[in-house]
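1. need the 3D shape of this:
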Amino acid sequence: MTEFLIRRFVKNSADTKDARVRAAYGNLSGAVGIVCNALLCAAKLAIGAVSGSVAVTADAVNNLSDASSSVVTLVGFRLAEKPADREHPYGHARIEYIAGLAVSVMILVIGLELAKSGVEKILHPQDTALSPVTAAVLALSIAVKLWLASFNRTLGKKIDSAALLATAADSRNDVISTAAVLVSLAVSALTHWQLDGWMGLAVALFILVSGAKLVKETLDPILGEAPSEELTDYIAKKVLSYDGVLGTHDLMVHDYGPGRRFASVHVEMDAGKDVMESHDIIDNIERDFHDNDNIHLVIHYDPIATGDEAVGTLRAWTLARVREISPQLSIHDFRMVAGPSHTNLIFDVSAPTDFPMDDATLKAAIAEKLAHGDDGARYYAVITVDRSFAPFHNDADERAQGL
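-> Predicted structure coming up:
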């Protein structure tokens, strides 16, 4: 059914990087969710009124909220499709993240309301009835919600959408909630134990925990979370695969919504090479990422001297001393200024953002390591610390260490 709906309503469904295709997926999810949840809400309200079950009525209100969240999803995808304009030069794709956050917050609200109803029912229990019609409607609701969870999860994975994955999680919560209602009614009917309120409270706690997790997951990209290790490794290896690229550092990735990534990186290349040839290589790399990965990559050219044996030897020695402090550290933009009594070593150190030393302590530790060479020479270190969330393999570092 899911694949049939995709083929029927999503044109060019395989091109998931296209904003219009993503919007079509979101529209499909929203429309299906509105229809299914509205029908389930009407049926459960009727059953709740007949059976007197607060859990069934709360489940009906939950379906009404789900219909509202489907509207939020639909509107969110439509707005995210809008192209860039003067006020929003990077587009509107982050609205999709906001839609996912709105759905997650609605899950929390429903959890709180269900917890409140559960506590009231525990304090003031009432007899509930389980008729064959009630059982059939609840069983049908479980089946529909199972399909909706699978449907939205499939769509969410196809377009890597936090909003649709949040909607899928909401449907999964509804399956657990409705199943708990059905079990509580059955147990109450067979044993006369009033479990309606207790079951509603247990389900509410599960929904609250799930909702809090979803809020974090959908809020992180809005706040500017670090790119995944898979993405940074991919960018590093692809850039380093080009002839003439010796190393990379200072990667920054900005996510302006699905399919709207901007990145910048420093690329080390041989200073002795023709500058126009190096510029041509950089142009090709930027175009490759734009055309094939939908990443707007801007590259800063760092020329390094590869023909100076003294600089190369001293760079390798410096790197080895720096990595005695931690193998997580690397160096770049290395140069030296020799004098009659000492030599200045000028370079940048790349350290993870969560590296335990502060910048001043790290600089002091490195300066101490480099103060005296193996041959008794004196060195003064002039260090700039770069905090990086994306450490790269660096060909220049590996060659310096003889790897």
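
2. run a quick neighbour tally on residue 30.
-> Using other C-beta atoms under 10 Å, residue 30 has 25 neighbouring residues. From N, CA and C alone the C-beta is placed, and that goes for glycine too.

3. same thing with residue 380?
-> Neighbours of residue 380 using other C-beta under 10 Å come to 15.

4. please report how far residue 180 lies from residue 199.
-> 5 Å (C-beta to C-beta, to the nearest Å).

5. my bad, residue 177
-> Residue 177 is 9 Å from residue 199, by C-beta to C-beta.

6. give the rounded mean pLDDT of stretch 240-256.
-> For stretch 240-256, mean pLDDT is 88.

7. show me what counts as buried in it.
-> Buried residues in stretch 240-256, counted by 16 or more other C-beta atoms under 10 Å: 240, 245, 246, 247, 248, 249, 250, 251, 253, 255, 256.

8. nearest to residue 80, of these?
-> residue 256 (10.6 Å; C-beta to C-beta).

9. which residue is the nearest non-sequential neighbour of the closest one?
-> residue 90 (4.2 Å; C-beta to C-beta, 6 or more residues apart in numbering).

10. quick one, phi/psi of the one you found?
-> Residue 90 adopts backbone torsions of phi -100, psi 10, taken as degrees, to the nearest 10.

11. over to residue 387?
-> phi -90, psi 120.

12. tell me, how many residues neighbour it?
-> Residues near residue 387, counting by other C-beta under 10 Å, number 12.

13. how about it, what does it touch?
-> 351, 352, 353, 355 (C-beta atoms under 8 Å, 6 or more residues apart in numbering).

14. re the thing from before, farthest-separated two in the buried residues of stretch 240-256?
-> 246 and 256 (30.5 Å).

15. helix or strand: which one has residue 278?
-> For residue 278, the element it lies in under DSSP states H and E is helix 275-293.

16. quick one: pLDDT of residue 318?
-> pLDDT, residue 318: 93.

17. equivalent analysis for the one 5 residues further on, please.
-> Looking at residue 323, its pLDDT stands at 93.

18. ditto for the one 3 residues further on
-> According to the per-residue confidence, residue 326 scores 93 in pLDDT.

19. just the helices in the stretch 201-350 of the chain please.
-> In the stretch 201-350 of the chain, the segments counted as helices under DSSP state H, counting those that start in this stretch are 229-240, 275-293, 309-325.

20. now for the longest helix along the chain, which elements pack on it?
-> The residue-count maximum for a helix in the chain (DSSP state H) belongs to helix 19-51. Counting contacts by 3 or more C-beta pairs under 8 Å, 6 or more residues apart in numbering; DSSP states H and E, helix 19-51 packs against helix 2-9, helix 54-80, helix 132-159, helix 162-191.

21. give the buried residues for the second one.
-> Along helix 54-80, these residues count as buried under the neighbour rule (16+ other C-beta under 10 Å): 54-70, 72-80.

22. quick one: residue 269 and residue 336, what's the gap?
-> With C-beta to C-beta as the criterion, residue 269 and residue 336 are 19 Å apart.

23. oh, I was asking about residue 379
-> Taken as C-beta to C-beta, the span from residue 379 to residue 336 is 9 Å.

24. before we move on, back to that, residue 177 and residue 199 - which one has more neighbours?
-> residue 177 (28 against 23).

25. excluding its backbone neighbours, what's nearest the more buried one?
-> Nearest-residue entry for residue 177: residue 203, 4.6 Å, with adjacent residues in sequence omitted and distances by C-beta to C-beta, 6+ apart.

26. neighbours around that neighbour, how many?
-> Neighbours of residue 203 using other C-beta under 10 Å come to 27.

27. any idea how far it is from residue 38?
-> Distance from residue 203 to residue 38, by C-beta to C-beta: 22 Å.

28. re the thing from before, let me know the angle separating the helix holding residue 278 from helix 229-240.
-> 140 degrees (axes from the mean of the first three to the mean of the last three C-alpha atoms, to 10 degrees).

29. and helix 275-293, which residues are buried?
-> 278, 281, 282, 285, 286, 288, 289, 293.

30. gap between the two ends of stretch 363-379?
-> 14 Å (C-alpha to C-alpha, to the nearest Å).

31. what's it in contact with?
-> 317-318, 321-322, 324-325, 341-345, 349, 357, 380-381, 383, 385.

32. show me where the stretch 251-400 of the chain has strands.
-> Here the stretch 251-400 of the chain has its strands, by DSSP state E, counting those that start in this stretch, at 261-270, 295-304, 330-338, 343-352, 379-388.

33. so for stretch 348-355, what gets flagged as buried?
-> 348, 349, 350, 351, 355.

34. now the fourth one, which residues is it bridged with?
-> Partner residues in beta bridges with residue 351, using DSSP bridges, are residue 387.

35. pull the contacting residues for it.
-> 326, 328, 329, 357, 362, 385, 386, 387, 388.

36. where does the stretch 101-250 of the chain have low pLDDT?
-> 126-130, 196 (pLDDT under 70).

37. still on that earlier bit, reformat the helices of the stretch 201-350 of the chain as CSV; add distance to residue 11.
-> CSV is the format used below for these (distance: least, C-beta to C-beta, whole Å):
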stretch, distance to residue 11
helix 229-240, 28
helix 275-293, 22
helix 309-325, 53
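
38. do you know which of those lies nearest residue 17?
-> Using C-beta to C-beta, the nearest of these to residue 17 is helix 275-293, at 9.1 Å.

39. any idea of the angle that closest one forms with strand 261-270?
-> 150 degrees.

40. let me see the mean pLDDT of helix 275-293.
-> On average, helix 275-293 scores 93.

41. so what touches it?
-> Helix 275-293 is contacted by residues 235, 238-239, 242-245, 263, 267, 269-270, 295-299, 301, 303 when judged by C-beta under 8 Å, 6+ apart.

42. drop anything exposed from those.
-> Using 16+ other C-beta under 10 Å, the buried ones in these are 235, 238, 239, 245, 263, 267, 269, 270, 295, 296, 297, 299.
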